[in-house]
Structures are given as structure tokens and as C-alpha cells.
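Q: Sequence and predicted structure, then a few things I'm wondering about:
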Amino acid sequence: MKRVIMTLNIGKSSLRLRQLLVAGRTFALLSLGSMVLVLVVGIGMIVQQRASTSPVSSMKGFAASVSNGLFSDMLAMELPGTAKADVKPSISGHQIGSFLVRLLTDINPDDPKSLLASQYPGLEGDKTTLLQGGTGTDAAVQPEDHESIPGSGDGADGPDGLSDADRPDHDPGDTGTVGEGDDTDAPDDGQGDTGNSGNTGTNGDTGSADPDKPVPSNPAKPTTNGRNVVFIYHSHARESWFPEISNKKTPESSTKNITLVGKRLADQLEKLGIGAAHSSTDYPTAIKNYNWNLSYKYSKQTVLSALKANKDLKFFFDIHRDSQGHKETTVTIDGQEYAQIFLIIGHANPNWEENEAFASQIHDALEKKYPGLSRGIWAKTTASGNGEYNQSLAPDSVLIEVGGVESTLAESYRTIDALAKVVSDIYWKDEKVTAPLNQTKK
């Protein structure tokens, strides 16, 4: 009988066992690491959601996050009786398609740069969020900040280079009540513009009447009795328009610029009985070693000085112009072209909701009286701009962009006249009306 002898290679078995243990340990470590990563990301998202000042979290329901026209269209789809005949839909097929693409891919078809944003975080930093839209809002067309405009401390700025002392529109660095002096800056638009869609008979306010003519006293007209309650200033005072200047490369000027629009707003408010102070300070001239990137730091000092000098100030407007073309910043109302408005809110302001509420009053009033004039309320963070815009200094403070680089002064003035009426209505609605001094009981 043969003996069968079996041998066991313990070394080989031990090697396999060690390989199995190593593979198991690696799998366990990967599993544990994945679990920890998922937990950390999940906890981070929960914390961010609770602590974030995202505009969506400030909305009280879905209806508040869409325009009135879009919400009405949605209701009409379910309630046929609410549909209005011959009314243009508030949202087009192109906008719907663009929205779906952005929802599914996070890529904006109208902005090729968004295709690279997910791979290059720096490109994603210019996101601007729509807080409230309206008839004139296109979510794909966001307000654009212009790039740094070269300006030296001596005030030279190309073909329009003049020092502040040489400017014909105001004294150097003035910050005072306007509406009492000359108005040589107002151009004649040749259309009999009245500031209310060219219709002087609507409310009897001619808006564009000769400012040199004394305003007749009206005992029934409310007034602030000489108190300045509105402050208007410009962080980028040299913003201008190509059709208005000879410089066709850079839309900026030290003489014909956005300060004229601010002065117009102050003048119109004065005519409506509301005291307004206007600062037309030209920071490239006024600030030694001027740095464009510190524009809002400079203008903040202007606002603080105004607050210190006048405790009655309530509304604050930083007037700018957008950097987009004529098509994106113009609307036709009753046959006349108006420069459209962007209302900008800074999310770096911890109390930005208060400023948004103020901007919402302006937007809603414009939407009611001048449909399409407002392009909505937009929020910006420090990633897409200054992010604060001095709005933490007052709850009733907002940055307003009027028109774009291809707008005209006439278009901007029509818009400002309309804005002045809206601001006046808001002020008298919120404040107790002070009767004129010459109003007495009989």
C-alpha cells in the first residue's frame, strides 16, 4: 500500500492571507474615508444653508421669487379665466430653454464663460443674483461692472481732461443742496420730454420745465420745508456715454458724466417738495494717489460726512450707469426711449434685507407706472463687486444703474424724472407730510 504524503506550503498560504488582509484594510480605509467625506460635506451644506444669506432664503414663498407677469401666466395656465387677451407672455421660449439648460448643466448658454466656471473657480466669482424681476427683466442679462477706468490724481482723463476747478457743472467737490442754482447741464432733447412718457396731461407735472423759472407756490403741495432728506452721490463720478463724448474708446469724462444725472434727480425732487443734497465729487481729482479699486471707500467718507452734517437724511442713492449696450439698457414707453434701471443690493451688508425692501418699493412703483423701466433688483457679493456699496450706513440706501454706455442724456433724464416721481410718492407715503409754511387755516 502506497503512502500518500501531502505537504503544505505555509509560506505561500501566509502570503495570500497577508495580501487578503491588506486588500481588506485598504477597502475598509477607503470606505471609512468616503463616509467621513460624505458626513463632512453634508454637515457643511446644512450649516451653510442655515447660515447663508442667500436671496432664496429671504423669499416668502415661490410667488415672491418670480415676476408678477410670470406668476400671472402660471395662474392662467391652470385658471383659463384669468388669461388676458393680446398680452405678450412674460417669458419667451428662449428664456425657458436657457433656464432648463442652466438647471440641468449649470451652464448659461448666453455666457460661454460659464462652461469653464466649474473648472476654474475664479471665473465663477462674478455671479450676480436676481432678487426680484419685472416686465423689463431678462435673467440672462445681468448688470455689468465696468473695468477700472484710468484716472490720475491731477484729474487728467484723455481728451476731456479737466481739473475739478474747471468743470462747468459744479464747484470743486461740492456737496450741498441743489435745485436752487443754474441748470445749464440739462440738454434739450428736442422732444418736449416731460419725464412722464412725454405726456404732460397725465398729472400736470411737466418734469422738464425750465429750471430757471421760479416754481409757483402751491399751498396744497407737501414740502420738507428746507430739510434735505435725500442724498445723491456717485462712487464712479466719471462714468459717461459714448454718444455724448468725443472719446470713443473709454466711456468716461470729467465734465459730461453721471453726475449730471444725479443733479437732475436732485432738481426734480426739489420741484416735488423734497429737499435733496447732491455730491458731485470727482474722486480722481479730489483724492491724492487715487485708486479706482477704493472708490467705495472714498464715497463712504462722503456719505458719513453728509450724515454728520445733516441728521434729516433718509434716502441715499449712489447713481451709476451700466456697461452694456443700447439694446440691453433701453425701453420704449409711449413712443419715447428710456434708459432702463438696475437696482443693486450688496449682500456683504449684514442687514441687506432692509435695503432690499426699500429697493422693492422703488421697483414695484416703477413696474406699476412705467412697465419695463426697471430691470429688477440684483444682489452682488464681494466676489462680483464691492458687495456692500455703503448700504450698511442706512436701510434706505440703494445703488441705481441708469442706462448703459450707449445711452443718451435725454434717455437718462426721462428715466430720472420718472424715478423722482416714484421716490417722491414713496417718501410722502412713509413720512408724515409737513404742510408749507404759508398754509394757514382760514
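A: It's in. Numbers count the residues shown, from 1 in each chain.
Q: From here on, just use CA atoms for contacts and neighbour counts.
A: OK.
Q: quick check, residue 134 in a strand?
A: No. With DSSP: H, G, I helix; E, B strand; the rest coil as the criterion, residue 134 is coil rather than part of a strand.
Q: Retrieve the pLDDT associated with it.
A: Looking at residue 134, its pLDDT is 76.
Q: That one is in contact with residue 370, isn't it?
A: No. Judged on C-alpha atoms under 8 Å, residue 134 makes no contact with residue 370 at a distance of 10.9 Å.
Q: Can you check which residues contact both of these two?
A: Here residue 134 and residue 370 have no joint contacts, going by C-alpha atoms under 8 Å, 6 or more residues apart in numbering.
Q: So what pairs up with the closest residue to residue 412 other than its chain neighbours in the strands?
A: Using C-alpha to C-alpha, 6 or more residues apart in numbering and skipping the chain neighbours, the partner closest in space to residue 412 is residue 339 (5.1 Å). Assessed by DSSP bridges, residue 339 has beta-bridge partners residue 330.
Q: Can you tell me how far residue 339 is from residue 248?
A: Residue 339 sits 20 Å away from residue 248, going by C-alpha to C-alpha, to the nearest Å.
Q: who's more crowded, the two?
A: More neighbours surround residue 339 than the other of residue 339 and residue 248, with 29 against 11 (other C-alpha atoms under 10 Å).
Q: Just read off the phi/psi values of residue 404.
A: phi -140, psi -170 (degrees, to the nearest 10).
Q: Same question for the one 4 residues further on.
A: With angles defined as degrees, to the nearest 10, residue 408 shows backbone torsions of phi -110, psi 160.
Q: Do I have it right that it meets residue 245?
A: No. Counting by C-alpha under 8 Å, residue 408 sits too far from residue 245 to count as a contact (10.1 Å).
Q: Tell me which of these two has more neighbours.
A: residue 408 (21 against 17).
Q: how much space between that one and residue 242?
A: In terms of C-alpha to C-alpha, residue 408 sits 8 Å off from residue 242.
Q: avg pLDDT for stretch 350-364?
A: So the average pLDDT for stretch 350-364 ends up being 94.
Q: Name the residues of that stretch that come out as buried.
A: 351-356, 358-360, 362-364 (16 or more other C-alpha atoms under 10 Å).
Q: Export it to PDB, keeping only CA atoms.
A: C-alpha atoms of stretch 350-364 as PDB (Å, rounded to 0.1, in the frame of the first residue of the first chain):
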ATOM      1  CA  PRO A 350     -25.500  92.100   7.100                       C
ATOM      2  CA  ASN A 351     -28.800  93.900   7.000                       C
ATOM      3  CA  TRP A 352     -29.200  93.700   3.200                       C
ATOM      4  CA  GLU A 353     -32.900  92.600   3.600                       C
ATOM      5  CA  GLU A 354     -33.800  96.100   4.800                       C
ATOM      6  CA  ASN A 355     -32.200  97.700   1.700                       C
ATOM      7  CA  GLU A 356     -33.900  95.100  -0.500                       C
ATOM      8  CA  ALA A 357     -37.200  96.100   1.000                       C
ATOM      9  CA  PHE A 358     -36.600  99.700   0.100                       C
ATOM     10  CA  ALA A 359     -35.400  98.800  -3.400                       C
ATOM     11  CA  SER A 360     -38.600  96.600  -3.800                       C
ATOM     12  CA  GLN A 361     -40.700  99.700  -3.100                       C
ATOM     13  CA  ILE A 362     -39.000 101.500  -6.000                       C
ATOM     14  CA  HIS A 363     -39.100  98.600  -8.300                       C
ATOM     15  CA  ASP A 364     -42.800  97.900  -7.700                       C
END
